[in-house]
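[1] pasting the sequence and the predicted coordinates here, then a few questions.
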Amino acid sequence: MGRTGPPPRPSGSVYSATMKRFEYSTVPLLTHATKQILDNWGQDGWELVTVIPGPNPEQLVAYMKREKE
């Protein structure tokens, strides 16, 4: 007979039914408007994770996350 349901958790593992879940987004940032862009995303509950160089010298890419509802 086939088994149904999720696989068993390894013994000793830490698991919580109330574990936080996040969603992620990448956001292009223009160097002359970085603060304004990040403030707008922050007002919607997004948290900055990291910023990396973009495809050209005047652009950066921000990685954002927020907790799923």
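    Arrived safely, thanks for sending. Numbers count the residues shown, from 1 in each chain.
[2] for this protein, which spans come out with low pLDDT?
    By pLDDT under 70, the weakly predicted segments of the chain are 1-3, 5-17.
[3] show me where it has its strands.
    Counting by DSSP state E, the chain has strands at residues 22-30, 47-53, 59-67.
[4] buried sites along the last one?
    By neighbour count, and taking 16 or more other CB atoms under 10 Å as the criterion, the buried residues in strand 59-67 are L60, A62, M64. Bear in mind the C-beta positions are built from the backbone N, C-alpha and C, glycine included.
[5] do the same with the first one
    Within strand 22-30, the residues that qualify as buried are V27, L29, counting by 16+ other CB under 10 Å.
[6] that one versus strand 59-67: what angle between them?
    Strand 22-30 runs at 160 degrees relative to strand 59-67, counting by axes from the mean of the first three to the mean of the last three CA atoms, to 10 degrees.
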